[in-house]
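**Student:** take this sequence and fold it.
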Amino acid sequence: MQTRQLDKKPVATSKGGGKEKAAAPVKPAKVAFPKQNRPPTAAAFAARLPLALGKRFEMVRSFLLRQKDVKEDVYFYGPKTGWAMRYLIGGKPLCVLLLHGDAPVGIVSLTAAAAAAVSWKGLSAYGQLAYKHAHGSPAMLWLDVPLAQTGAADFKTILRAKIASTTAS
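**Tutor:** Numbering: from 1, shown residues only. Just a heads-up that it's a prediction; the model follows:
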C-alpha cells in the first residue's frame, strides 16, 4: 500500500492505481463542559487535560493573569462550544481559552495594527499554521491557536502584540 497526501490527510491507494478508499468520517469534538447550569472552576479546565497539555494551559493562563488590568471569567458560549475561560482587558475582550475535544485552544482576534506587530515568520509551525488558517477580514483577524507543544509560546507572543496595541489606543 502506498499513501498519498491530499489536503494533509493520508489516503490509502492500491499499487495498481485502483480506487481510493474514502477517508473515515470525522467525529465532532466532544464538548468539555456542555451544561449551562454547571459552570466549571478554572482548575477544572487543566484537570481534564493530560499533564503536559495541562501545564501549557496553566502557563498561558498565568501569563494572562499577570498582565495589568486583565480579568478572568468563565463564560458559557452555548451548547456546541460549552464553557470557556474568557479574558478581558479594561472591559474589552482579549482572548478565550477553551477545550476543543481533548486539546486546549486559544482564540484571539487581532486588529490590523496588532496583526502587523506580530512577527509571523518568527513563530513556530503551530503559530504559522494558525495564521494561515485565520479567518475574518483584514480589519479583524481571528486566530485559533492550539496550545500543544510550541503553540502556547506562540499564543503568548500574539497576545503580547494585542495587549500592546490595546493599551496604546
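
**Student:** what ranges do the helices span in the chain?
**Tutor:** With DSSP state H, the ranges of helices along the chain come out as 42-47, 51-66, 112-117, 125-132, 151-168.

**Student:** which one of those helices lies nearest to residue 78?
**Tutor:** Taking C-beta to C-beta as the criterion, helix 42-47 is the member of the helices of the chain that comes nearest to residue 78, at 17.3 Å. In short, each C-beta sits where N, CA and C put it, glycine included.

**Student:** quick one on the thing from earlier: deepest in the core, which of the helices of the chain is it.
**Tutor:** Taking mean count of other C-beta atoms under 10 Å as the contact definition, the stretch among the helices of the chain with the greatest mean neighbour count is helix 151-168, which reaches a mean of 19.

**Student:** so how far is that one off the chain centroid?
**Tutor:** For helix 151-168, the distance from its own C-alpha centre to the chain's C-alpha centre is 13 Å (C-alpha atoms, centre = their mean, to the nearest Å).

**Student:** what about residue 48, neighbour count?
**Tutor:** For residue 48, the neighbour count with other C-beta atoms under 10 Å is 15.

**Student:** just checking, residue 58 touches residue 47?
**Tutor:** No - counting by C-beta atoms under 8 Å, residue 58 does not reach residue 47; the two are 10.2 Å apart.

**Student:** so which of the helices of the chain comes closest to residue 77?
**Tutor:** Each of these was scored for nearness to residue 77 using C-beta to C-beta, and the closest is helix 42-47 (13.7 Å).

**Student:** so which elements touch that closest one?
**Tutor:** Identification of packing neighbours for helix 42-47 by 3 or more C-beta pairs under 8 Å, 6 or more residues apart in numbering; DSSP states H and E yields helix 51-66.
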